[in-house]
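K.L.:
Structure here, sequence nowhere to be found:
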DNA sequence: CTATTTTAGCCAAAATTTGACAAGTCATAA
DNA sequence: TTATGACTTGTCAAATTTTGGCTAAAATAG
């Protein structure tokens, strides 16, 4: 599940139009369309606003949103999987 | 293990100076110093050159280099760990 | 068809990244 | 002490990337 897809699901389930959410985020409709299609990435602040506007779970949206960016960073890299595992280990180390 | 640290280890084990490797990469010594200390990030092309110059394993260097960037992306995010797991799953999906 | 919604393409402003330079610290040697 | 060499710090401008808005085209609904 990608972030844009999820936003679209939530938006449509609530019967909202792109231009309505776009207005709330103070961006224009084409920009919102691009976010939904994953052509542009939302800002963190916009994720927060969307969670609120769509009554969605913020941590979960953030998780998907971040995952998108990670994928974008490592795609086309042969070592992608291994790098992710390494990053996870590093992360756990820092938690202590 | 971070990328810069690893480069420094390899460089020192071969008795090379920063200015020598910097010259090979066609950047100046301060820039190389910053890469070693993780203040600046190396370009992918530079990772390849370094692997060659230091007779190091390229996939392994790339793994560490990528992991650094992932960490940099997700640090300060509460959902970092979960996002990484999600990204890993997405990645595996694409592999089929 | 006509309206509205959504998407595509382009351009400029803004933000980030990159690299170089000058000057600094630190250690060692003369 | 002075000098030298290796490395680091801080700042600046050039270059690249990202962001946002505009126009107009395509798709969809009525």
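P.N.:
Structure's in. What do you need? All of these numbers come straight from a predicted model, not from anything done at the bench.

K.L.:
residue closest to the middle of chain A?
P.N.:
residue A:65 (2.4 Å; Cα atoms, centre = their mean).

K.L.:
Is that residue in contact with residue A:47, as I believe?
P.N.:
Yes. Using Cβ atoms under 8 Å, residue A:65 makes contact with residue A:47 at a distance of 5.1 Å. In short, each C-beta sits where N, CA and C put it, glycine included.

K.L.:
where in chain A is pLDDT low?
P.N.:
Along chain A, segments meeting pLDDT under 70 span A:1.

K.L.:
Could you check how many residues crowd around residue A:52?
P.N.:
The local packing of residue A:52 (other Cβ atoms under 10 Å in any protein chain shown) involves 11 other residues.

K.L.:
got it, and residue A:78?
P.N.:
Neighbours of residue A:78 (other Cβ under 10 Å): 13.

K.L.:
ok, it to DNA strand D distance?
P.N.:
From residue A:78 across to DNA strand D, the span is 20 Å (Cβ to the nearest atom of the strand, to the nearest Å).

K.L.:
give me phi/psi at that residue?
P.N.:
phi -60, psi -30 (degrees, to the nearest 10).

K.L.:
what's the closest non-adjacent residue to it?
P.N.:
residue B:59 (6.9 Å; Cβ to Cβ, 6 or more residues apart in numbering or on different chains).

K.L.:
Please identify the buried residues of the helix or strand hosting the one you found?
P.N.:
In this structure, residue B:59 sits in helix B:58-74 according to DSSP states H and E. Neighbour-count burial for helix B:58-74 flags B:61-71, B:73-74 (criterion: 16 or more other Cβ atoms under 10 Å in any protein chain shown).
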